[in-house]
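Participant: Got a predicted model here, sequence first, then my questions.
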Amino acid sequence: MWGERYDCLVIGSGLAGLFAALTLRDRGRVALITKGALEDSNSYFAQGGMAAAVGRGDSPDLHRRDTLAAGAGLCDEPSVEILVQEGPQRIKDLISLGVEFDRIDGQIHLAREAAHSTNRILHVDGDATGRGVCTRLIEEVEKSPQIDIYENHFVVDLIVTEGRCWGALALNQGEYRAFWAPATILATGGMGQVFEETSNPPIATGDGIALAYRAGAKLMDMEFVQFHPTVLYAGERRFRFLISEAVRGEGAVLRNQRGEPFMNRYHPLRDLAPRDVVARAIWTEMGKDARPHVYLDATSIEDPERRFPTIYRRCLELGLKMERDWLPVGPAAHYAMGGVYTDHDGRTTLPGLLACGEAACTGIHGANRLASNSLLEALVFGWRAAKAALTDAAVKMPRPAVPSLPAVRGRDALQRISWHWVGLERSAQTLRRALLELEKLDRECRGMDVEGLETANMALVISLVAKAALLREESRGAHYRVDFPKADPSWRRHIILQRGQDPALRPVDKG
Ligand SMILES: Cc1cc2nc3c(=O)[nH]c(=O)nc-3n(C[C@H](O)[C@H](O)[C@H](O)COP(=O)(O)OP(=O)(O)OC[C@H]3O[C@@H](n4cnc5c(N)ncnc54)[C@H](O)[C@@H]3O)c2cc1C
C-alpha cells in the first residue's frame, strides 16, 4: 500500500483545517487531506459572517455573556473565555493573510444578528463571507511548499495502535493510502446530511465524529443539533439553500399558507425569536396546514439585491424575485453543537488525535450556538490545535498496522428516520423507534465505495445522537423532547459517549 510520513496530518479543508495547516506550515511537513476539492466545505457556504468583539462599545465580556445566554446553561465557560479573548487577534491574523472584510468609510462594517447585544458580525462581499475567507486561505495554502495537498482523498479510518493515533487511512480512486504522523488534526466539519432536510452541503456526513468514536475517543453533547428556521424549499434537495437570519433582521416576515403572520403567537420577539423557537413554530404551522413549507415575505426590504446579493441571485435562478414573491421556506438541520470532546488545546481523549471546528466539542456552544460563533471557533481552536500538534509531533513514531474497514447502510431511509424521529421534536417513542430501524438498516445493506462508507458514518453518528437524546429527559437549547418539554436543572450536565463504555455524565465546567 502507498504510504507517506508527515509531521502532522490535517483532515478537512474548511476554515478550521485551512487555518490549522497555515499555522503549522513553518514548523514541519504537513499533509492537508480532503475528500473533495479544497472548496468543498460548510465553511465555503457560510453567509452572515464571523462574530468578534472588535467594534467600539463592544468587549469580550459582552460577547461572553451573549454566548453563555445562547448556550442555555451548558457552555464550558473557560472555552468561551478563550474564544472571546483570542477572537480579535485571530481576526487580525486573517487580515494579515489578506482577507478583506467589508468596510464603510474605511472602517470594518459590523452587522447585527439575533441574540447579539451589539453589532459584531464581520462579513465579506455582503453575504458571501465563507467564500471570501476560504478563497484567500486556499490561495495561501496552495503556495506553501511545506503543505502537501491531497484532494479527493476520503479518510476511511484513523490508524491506532496501543491506544494512540498514528495517522489515517484514505481512499483515493479505489486505492487505499496510509498517511502516518505523530499528530493528526480532525477538522472534518458537521453532520447535517444525516437529516432529510439540511442546509449543509454533501460533504457534511459526520465522518470525523464516526472516525474518532470508532478509534475510542470520547464524544460530548451529541444530542444538541441546531435546526435553522429558514432554508429555501425549492430547487435540488441534496442540500437546501440557506436564507440568512439577517433577512428577517431587515424586516422579512414569516407567513403560513393562508398568508397570516404567525410568529406573534409563539414569542414576544416574533420573527426574531431564538432560532429553535422559530424553527419549531414553523414546524407546527407546517403540520397544521399539512404542507412542507411556510413563506418568508421579504417584499418590504429595500434594494434586497444590494444587501443580499448571493441570496437574491439564488432566488432569481429559481424564478423568485425577493421584492415581488414570498419565498417558500422551512427548517433544516444546520449545525452540530456536539462532537469529539476536546480540551482547550484541541486534544481529544485519544493521544495523537486533535480536533477543531464543527467536528469538535469544546463546549463553547453549550446547548445552542450563538449565530456566527462557529467560524470564529474554527479560527481560535484551529490555531490552538495546531500549536498543540507541534508538541505532539515530537514523539517518535513506530510503523503501525492498518485498521479494518467499517460496514454500510441505505442513505435515503437513514435520512428520513433522522429527520422525522431524531429531528426538531423528539420523544422516547420516536427515538427508540429510530434506534431499532437503524439497527435493521445496519443488518440489511453493505458496500465499500465512498458513498457507502459515508453512509456508514452517518448511521453511526445519528444513532449516537438518538442515544444521547433518549437519555436527556428534558428540553434545553436545540434539544426538544415533547415528553419532557421543560428544562430540568438536574440535567445541567454533559453526556459523554465512548465506544465500549456506558454513557457518562459530566458536570458543566471541565475544571
Ligand atoms: C449554509 C451555511 C451557512 C453558514 N453560515 C455561517 C455564518 O455566517 N457564520 C458562522 O459562524 N457559521 C456559519 N455556518 C456554520 C459554519 O459554516 C461551520 O460551522 C464551519 O464552517 C465549520 O468549519 P469546519 O472547518 O469545522 O468544517 P467544514 O467547513 O465543514 O470543513 C470540513 C472539511 O472536512 C472534509 N472532510 C469531511 N469528512 C472527510 C473525510 N472522511 N475525509 C477527508 N475529508 C473530509 C470536508 O470535505 C471539508 O473540507 C454556516 C453553515 C452553513 C451550512
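Facilitator: Nice, I can see it. Residues are numbered from 1 along each chain as shown.

Participant: For the ligand, what's the nearest residue on the stretch 301-450 of the chain?
Facilitator: Residue of the stretch 301-450 of the chain nearest the ligand, by C-beta to the nearest ligand atom: Gly357 (2.1 Å). C-beta here means a position set from N, CA and C on the backbone, and glycine is covered the same way.

Participant: what number of residues lie near that residue?
Facilitator: By the criterion of other C-beta atoms under 10 Å, Gly357 has 34 neighbours.

Participant: Hmm, Leu376 and it touching each other?
Facilitator: No. Counting by C-beta atoms under 8 Å, Gly357 does not reach Leu376; the two are 10.8 Å apart.

Participant: Grab the nearest non-local neighbour of the residue of the stretch 301-450 of the chain closest to the ligand.
Facilitator: In space, and not counting its chain neighbours, Gly357 is closest to Ala16: 2.8 Å by C-beta to C-beta, 6 or more residues apart in numbering.

Participant: For that neighbour, list the residues it contacts.
Facilitator: 43, 187, 189, 356-359, 378-379, 381-382, 385 (C-beta atoms under 8 Å, 6 or more residues apart in numbering).

Participant: repeat that for 7 Å
Facilitator: 187, 356-357, 378, 382 (C-beta atoms under 7 Å, 6 or more residues apart in numbering).

Participant: And the strands in the stretch 401-511 of the chain?
Facilitator: Secondary structure of the stretch 401-511 of the chain (DSSP state E, counting those that start in this stretch): strands at 493-497, 504-507.

Participant: if you compare those strands, which one is most tucked away?
Facilitator: Among the strands of the stretch 401-511 of the chain, strand 493-497 has the highest mean neighbour count (mean count of other C-beta atoms under 10 Å), at a mean of 21.

Participant: Just the CA coordinates for that strand, please, in CSV.
Facilitator: Extracted in CSV, the C-alpha atoms of strand 493-497 (Å, rounded to 0.1, in the frame of the first residue of the first chain):
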residue,chain,number,x,y,z
ARG,A,493,-24.7,18.3,32.6
HIS,A,494,-23.0,16.9,29.5
ILE,A,495,-23.4,13.4,28.2
ILE,A,496,-20.2,11.7,27.2
LEU,A,497,-20.2,8.8,24.8
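
Participant: what's next to that strand, contact-wise?
Facilitator: Contacts of strand 493-497 (C-beta under 7 Å, 6+ apart): 74, 218-223, 341, 464, 467-468, 471-472, 503-508.

Participant: buried subset of those?
Facilitator: Applying 16 or more other C-beta atoms under 10 Å to those, the neighbour count classes 74, 218-223, 341, 464, 467-468, 472, 506, 508 as buried.

Participant: Could you double-check that Cys165 lies in contact with Gly216?
Facilitator: No. Applying C-beta atoms under 7 Å, one finds Cys165 not in contact with Gly216, separated by 9.3 Å.

Participant: Please identify which of those two sits among more neighbours.
Facilitator: Neighbour comparison, Cys165 and Gly216: the larger count goes to Cys165, with 28 against 18 (by other C-beta under 10 Å).

Participant: Mind telling me what element that one is part of?
Facilitator: Using DSSP states H and E, Cys165 sits within strand 164-172.

Participant: which residue ranges form the strands in the stretch 101-250 of the chain?
Facilitator: Using DSSP E, counting those that start in this stretch, the strands found in the stretch 101-250 of the chain span residues 103-104, 107-108, 110-111, 121-122, 147-150, 154-161, 164-172, 175-180, 183-186, 219-220, 225-232.

Participant: Leu232 touches Phe241, doesn't it?
Facilitator: Yes. Contact status for Leu232 versus Phe241: in contact at 4.4 Å, counting by C-beta under 7 Å.

Participant: Enumerate every residue touching the closest residue to the ligand within the stretch 151-300 of the chain.
Facilitator: Using C-beta to the nearest ligand atom, the closest approach of the stretch 151-300 of the chain to the ligand is made by Gly189 at 2.4 Å. Taking C-beta under 7 Å, 6+ apart, we find Gly189 in contact with 12, 14, 41-42, 203-204, 357-359.

Participant: Report the two of those separated the most.
Facilitator: Maximum pairwise distance in these, criterion C-beta to C-beta, is 12.7 Å, between Ile203 and Gly357.
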